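K.L.:
kindly return the folded structure for what I paste below:
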Amino acid sequence: MMMGIAEVVDGDIKHVSGNEAATRFFGRETNERELREKFVNALSLDLRTPLTAAKMTAQLLSKRLNDQNFIHRSSIKIAEIMDRADSMIQDMLDAGRIRAGEKLPLELAECDLNHLMTETTFTVKLPLK
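P.N.:
Modelled structure (predicted):
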């Protein structure tokens, strides 16, 4: 008995051996796995930047305990940096949920479209015209 799958090629049914079927299936899986690994690696590198910046700012705080203005500005900066890292992690989790077939909640709110477009353009580094 021949094991494998059948596929239709130009209207004809063609038998594909079990080995070839496995190669096709696992080849796709490997490609997906490689893409996921590249995504995780890129995300890890992107996350290191805000985490390193927050760490360096916190280290500077310990050296300038008498400068209240510096402490105030630095604590705000650390919070902004950590918000950025949190947003990146949330984006990754959302992408995983979408891939798993979940629907994301939609939040409707008024916004300044000009500011949103400027911020988005800056984020993806497209030149403004």
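K.L.:
would you map the helices across the protein?
P.N.:
Counting by DSSP state H, the chain has helices at residues 18-63, 68-99, 113-123.
K.L.:
of all the ones you listed, which one is nearest Pro105?
P.N.:
Closest approach to Pro105 among the helices of the chain is made by helix 68-99 (10.1 Å; CB to CB). Quick note: C-beta positions are derived from backbone N, CA and C, even for glycine.
K.L.:
so which elements touch the closest one?
P.N.:
Packing partners of helix 68-99 (3 or more CB pairs under 8 Å, 6 or more residues apart in numbering; DSSP states H and E): helix 18-63.
K.L.:
give me the low-pLDDT residue ranges for the protein?
P.N.:
The model of the chain has pLDDT under 70 over residues 1-31, 122-129.
K.L.:
could you redo the last one with a cut-off of 50?
P.N.:
1-8, 126-129 (pLDDT under 50).
K.L.:
on that earlier part again, any chance of the helices of the chain in TSV with distance to Pro105 and mean neighbour count as columns?
P.N.:
Listed next are the helices of the chain as TSV, based on distance: least, CB to CB, whole Å; neighbours: other CB atoms under 10 Å:
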stretch	distance to Pro105	mean neighbour count
helix 18-63	22	12
helix 68-99	10	13
helix 113-123	19	10
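K.L.:
how about the ones you listed in CSV, adding distance to Glu107?
P.N.:
Formatted as CSV, the helices of the chain follow (distance: least, CB to CB, whole Å):
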stretch, distance to Glu107
helix 18-63, 24
helix 68-99, 13
helix 113-123, 14
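K.L.:
which phi and psi does Gly101 have?
P.N.:
Note on Gly101: its backbone torsions stand at phi 90, psi 0 [degrees, to the nearest 10].
K.L.:
just the one 5 residues further on next, same as before
P.N.:
Main-chain dihedrals, Leu106, degrees, to the nearest 10: phi -110, psi 120.
K.L.:
likewise the one 5 residues further on?
P.N.:
Per-residue torsions, Cys111: phi -150, psi 160 (degrees, to the nearest 10).
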